[in-house]
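S.K.: build me a structure from this.
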Amino acid sequence: MMIILEQMESSLLTFNCSLNTPKNLATITAPYQILATPKTKPFEANSQVLIHVYYTTRVFSDDAIEPRSYVRNYLQNYRELAIGIGTKNILIHLPATLNEFKNLGKGIKVMVDELSGFNIHLEIPSWSADLRKTMKNVDEYMEVIERTLMEITNDESLVDSSLKITNDRTSMKKSTDGSLLMKNIDETLMKNISERTSLKTLVDSSSMKDTDEDSSMKITSERTSMKDNDETLMKTLVDSSSVKITSERTSVKNDSDESSLKTLVDSSLMKDNGGFHFVPDTAHLHANGCNTNDMIRIIEKYKHKIQYIHLNGNKQAMFRSDNHVPIFSVENKINNWEFLSEYISKLNKICIAEITKEGCSWKDWEDYAKKYKFELVKRHKAMRHQ
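M.R.: Down below sits the predicted model:
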């Protein structure tokens, strides 16, 4: 079975909005993203606003789990902001460093405690050097994330049916505060990390040092064997032998009374009473070693838990900190970004092009949306499209 691009739905292309004059946002009916601080006050908006938690709220820090930690206090502020705005959507970055990854279970428990009932959108970040050396690839990272989420939340929809949880992990029972579960998960994760770090230090240390662009981009034979085949990609999307998708996850139907894009977006965002979702950022995935084929495979695997996609170009090479540029920029280093754009435009997701320092006009975005068949939001003075 092949999934053909033409069978999918249209995605919406939107942007960050400035909070300099919050009253200007009242007239925007389309989805958009705001980068809010814990001190941001509620304002009149719509239910499709995505609140991007500010980077100083380190949910996976060592002391976030403490009963009166500043992280808990900040999340409570974001909860009140979301209630005041009337949205259920809050975005938080997943672990970006090895130390944060060690605290994965604790951070998820904090979010469960403080943001129950909200849609928590977990963004895959650009990794630090120590986490890049530890993780084999993004697939391994996501497997640990989704298993840990399921063990803490008991939400089996977060985990792909092909994953098998070992008896010793599924038999762990939650204590009243979840501390026993988190301790066992963290010990298991750190054991795997320690073993992998020892092995990769012997094998990869010379190739992973940031000496120059060429030496930093040495990739294992497993990664280099995955080549972009443009001719094949433009005909089909993904072979179902490598990405198994149930009919429930692939069939998006348009009833006659739900033909508008807004209705489709509303039903997608508000269909449940909260839970965890994933937010792929194309610039971050590229920074973590993913080519276009990898990105498509990962998005396909998790698209049933994806509502938002950060659609960004990256002017840096792989395995370096990301530096956002518009996806169509001549400086974008993502190979075959044109096909990636065509693929994402058919997924019926909300795509956010985040602000960059590189100038581009609204017409540039109109041309891009028209060429790759995105539904572009109506222009508004609060939209940060450049």
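S.K.: what sits up against stretch 321-331?
M.R.: The contact list for stretch 321-331 (C-beta atoms under 8 Å, 6 or more residues apart in numbering) reads 126, 281-284, 286-287, 311-316, 332, 334, 337, 340-341, 353-356, 358, 360, 364, 368. (C-beta placed from N, C-alpha, C; glycine too.)
S.K.: let's see 7 Å
M.R.: 126, 283-284, 287, 311-316, 332, 337, 341, 353-354, 356, 358, 360, 368 (C-beta atoms under 7 Å, 6 or more residues apart in numbering).
S.K.: next one: stretch 108-117
M.R.: With C-beta under 7 Å, 6+ apart as the test, stretch 108-117 has contacts from 59, 64-65, 71-72, 75-76, 79, 90, 92, 120, 148-149, 152-153, 178, 182, 273-274.
S.K.: what about burial for these, which qualify?
M.R.: By neighbour count, with 16 or more other C-beta atoms under 10 Å, those hold 59, 64-65, 71-72, 75, 79, 90, 92, 120, 148-149, 152-153, 178, 182 as buried.
S.K.: other SSEs contacting the host helix or strand of Arg79?
M.R.: Using DSSP states H and E, Arg79 falls within helix 70-85. With contacts defined as 3 or more C-beta pairs under 7 Å, 6 or more residues apart in numbering; DSSP states H and E, the packing partners of helix 70-85 are strand 49-53, helix 104-114.
S.K.: and Ile65, how far from Asn137?
M.R.: Counting by C-beta to C-beta, to the nearest Å, the gap between Ile65 and Asn137 amounts to 28 Å.
S.K.: just to revisit the earlier point, need the worst-confidence member of the buried ones among the contacts of stretch 108-117.
M.R.: In terms of pLDDT, Gly178 ranks lowest among the buried ones among the contacts of stretch 108-117, with 41.
S.K.: residues of the helix or strand hosting Phe339 that come out buried?
M.R.: Here Phe339, judged by DSSP H and E, is contained in helix 337-345. Under the neighbour-count criterion of 16+ other C-beta under 10 Å, helix 337-345 has Trp337, Glu338, Phe339, Leu340, Ser341, Glu342, Tyr343, Ile344, Ser345 buried.
S.K.: make JSON lines from those and add pLDDT and distance to His324 to it.
M.R.: Converted to JSON lines, the buried residues of helix 337-345 look like this (pLDDT from 0 to 100; distance: C-beta to C-beta, whole Å):
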{"residue": "Trp337", "pLDDT": "98", "distance to His324": "13"}
{"residue": "Glu338", "pLDDT": "98", "distance to His324": "18"}
{"residue": "Phe339", "pLDDT": "97", "distance to His324": "20"}
{"residue": "Leu340", "pLDDT": "98", "distance to His324": "15"}
{"residue": "Ser341", "pLDDT": "98", "distance to His324": "15"}
{"residue": "Glu342", "pLDDT": "97", "distance to His324": "21"}
{"residue": "Tyr343", "pLDDT": "97", "distance to His324": "20"}
{"residue": "Ile344", "pLDDT": "98", "distance to His324": "16"}
{"residue": "Ser345", "pLDDT": "97", "distance to His324": "19"}
